[in-house]
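Novice: got a predicted model here, sequence first, then my questions.
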Amino acid sequence: MLTRALYAYRAVSNLASSQAAAPRILFSTSAVPCKAKLPREKERFAPEAGELKLSEYTPQSQRVGVIARKKGMTGMWDEWGARVPVTVLQLESVQVVSVVKTSNPNCARLQVGCGVRKDKNTTKPLKGHFDAQGVVPKAKLFEFPITPNAVLPVGTEITAAHFVPGQLVDVTAPGLGKGFQGVMKRWGFSGGRASHGNSLAHRTPGSTGNINPGRVYPGKKMPGRMGGKNVTVMRLPVMKVDTALNCIWVKGPVPGHDEQFIKVRDSIKLVKGRLFPKGADVPFPTYIPGQSPVLPRETVARVGGQNPLVPASD
C-alpha cells in the first residue's frame, strides 16, 4: 500500500512540474492567412457622352426610350374621317439620369427617370445617386438599351417631339391585376359537366396528374394569381404628337391602369414595313431645341392609302 501511494504521488508531482514548465497555449497566430478567392471581375465599358448635337439616323441605330404616364383612352379622326381609338401618354420631366456601364463595348444603356419625388420620400442610397449625377430625384427609373452613337449626356430632357407621327412603338407596363382566379377564367378551361350527376365539380380543374410519379409537374395550369405582370404590346402607331402638352397619342389599347408608368421605345420588330414613315425627319439622338426644326403644337400622322369609307370601284 505504501509503495502504490508513493508511485501515485511521484506521478502527480511529475505532471504538475511539466505543466508548470510548459504553459498551455490557448490559441496560435502562426497560421498563414488564406487569401480569399474572388470571382474574376469583368471589364465594364461606358461610351463617353460628348456635346449634345444632332447626327444622322441609320437603320442600325437604336434610340433611347421614354417613361410616360397613361392618361386614358379617347378617339380621333384621321384624314379620311374614320374614327381611331387612341391612348394618351404624357411625358413628365423625362431626363437622362446616368450612363450605365456594360460588359460589351458595342452595347450601351441609359438610365432614364421621370416625374419628381420629394426628398423626404427618397431613400439615402437613391438620394446619393441623384446628387452624384446632378439630377433632381425622380419618381421612376428605367434602363433602355441603345447603340453607342445614340448616347445622351446626363440631364438631357426628352420631350414628346422625340417621336415622329406615324412611327411604330413598343409599350411595356404591368397589366391589370385580377387577383386569385380559378382555372376557367385564368386558363380558359371548359369546366365540368352541367348535367345531373355532377356534385359541386362544375368549375374544378379536374385531375392534376397520374399516380406515377406521384407528384404534380411544374408549370401545371392551376388556380392562382392572375395578371399584374409586365405586358409588351408591339408595333403601335403614333397617331399624334402634342408638343405643348408633351403628349403622344398611340393607336389602340395600352396595358396598365390610368396614371400607370409606361415604357415607350422605338419598335424592334419590323415585319413588312418601316419603323418611320417614308421621308420622315427623325430627330437623332433626340429632339434638341435650337438645333432641330421648330415643330407646330400638334402633328397628326397621315394614314394614306385609299379612303376606307368609299367602296372600291370595279
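Specialist: Received, thanks.
Novice: how about the strands in the stretch 151-300 of the chain?
Specialist: 168-174, 179-181, 224-226, 230-242, 247-251, 261-266, 298-300 (DSSP state E, counting those that start in this stretch).
Novice: pLDDT of the first one, averaged?
Specialist: Mean per-residue pLDDT for strand 168-174: 97.
Novice: give me the sheet partners of it and which way each runs.
Specialist: According to DSSP bridges, strand 168-174 forms sheet pairs with strand 230-242 (antiparallel), strand 261-266 (antiparallel).
Novice: how about residues contacting it?
Specialist: When contacts are defined by CB atoms under 8 Å, 6 or more residues apart in numbering, strand 168-174 is touched by residues 70, 89, 163, 228-238, 250, 254-256, 260-270, 273, 275. For every residue, glycine as well, the C-beta is placed using N, CA and C.
Novice: what's the answer for the fifth one, then?
Specialist: With contact meaning CB under 8 Å, 6+ apart, strand 247-251 is reached by 68, 71, 76, 84-91, 160, 163, 169, 171, 236-242, 264.
Novice: before we move on, the earlier item: Trp80 is nearest to which of the strands of the stretch 151-300 of the chain?
Specialist: For these, proximity to Trp80 was assessed by CB to CB; strand 298-300 is nearest, at 12.2 Å.
Novice: buried ones in that closest one?
Specialist: Buried residues in strand 298-300, counted by 16 or more other CB atoms under 10 Å: 299-300.
Novice: check which helices and strands it is in contact with.
Specialist: strand 230-242 (3 or more CB pairs under 8 Å, 6 or more residues apart in numbering; DSSP states H and E).
Novice: give me the mean pLDDT for the strand it packs on.
Specialist: 96.
Novice: now stretch 187-203
Specialist: On average, stretch 187-203 scores 92.
Novice: start at 40 instead
Specialist: With the count now opening at 40, the last piece we talked about shows up as stretch 226-242.
Novice: that stretch: end-to-end distance?
Specialist: 12 Å (CA to CA, to the nearest Å).
Novice: name the residues of it that are buried.
Specialist: Applying 16+ other CB under 10 Å to stretch 226-242 flags Gly231 as buried.
Novice: same check on stretch 249-264?
Specialist: For stretch 249-264, by 16+ other CB under 10 Å, it's Pro262.
Novice: returning to what we had before: give the ChimeraX command for selecting the buried subset of the contacts of strand 286-290.
Specialist: Provided next is the ChimeraX selection string for whichever of these are buried by 16+ other CB under 10 Å:
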select :107,115,123,125,126,127,128,129,130,199,202,208,210,275,276,277,278,279,280,281,303
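Novice: can you put the strands of the stretch 190-339 of the chain in JSON lines and add distance to Cys146?
Specialist: Formatted as JSON lines, the strands of the stretch 190-339 of the chain follow (distance: least, CB to CB, whole Å):
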{"stretch": "strand 207-213", "distance to Cys146": "18"}
{"stretch": "strand 218-220", "distance to Cys146": "39"}
{"stretch": "strand 263-265", "distance to Cys146": "34"}
{"stretch": "strand 269-281", "distance to Cys146": "20"}
{"stretch": "strand 286-290", "distance to Cys146": "27"}
{"stretch": "strand 300-305", "distance to Cys146": "15"}
{"stretch": "strand 337-339", "distance to Cys146": "32"}
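Novice: Glu90: which of these is closest?
Specialist: strand 300-305 (23.4 Å).
Novice: could I have the CA atoms of that closest one written out in PDB?
Specialist: What follows is strand 300-305 as a C-alpha-only set of coordinates in PDB (Å, rounded to 0.1, in the frame of the first residue of the first chain):
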ATOM      1  CA  PHE A 300     -45.900  54.400 -65.800                       C
ATOM      2  CA  ILE A 301     -45.400  53.100 -69.300                       C
ATOM      3  CA  LYS A 302     -42.100  52.300 -71.100                       C
ATOM      4  CA  VAL A 303     -42.200  53.600 -74.700                       C
ATOM      5  CA  ARG A 304     -39.500  52.800 -77.200                       C
ATOM      6  CA  ASP A 305     -39.000  52.500 -80.900                       C
END
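Novice: count the neighbours of the nearest residue to Ser142 once chain neighbours are set aside for me.
Specialist: Closest residue in space to Ser142, ignoring its immediate chain neighbours: Lys81 at 4.9 Å, by CB to CB, 6 or more residues apart in numbering. Per other CB atoms under 10 Å, the neighbour tally for Lys81 reads 10.
Novice: do I have it right that Lys81 meets Thr141?
Specialist: No - the criterion here is CB atoms under 8 Å, and Lys81 misses it with Thr141 at 9.7 Å.
Novice: quick one: the helices in the chain?
Specialist: 41-60, 163-172, 222-225 (DSSP state H).
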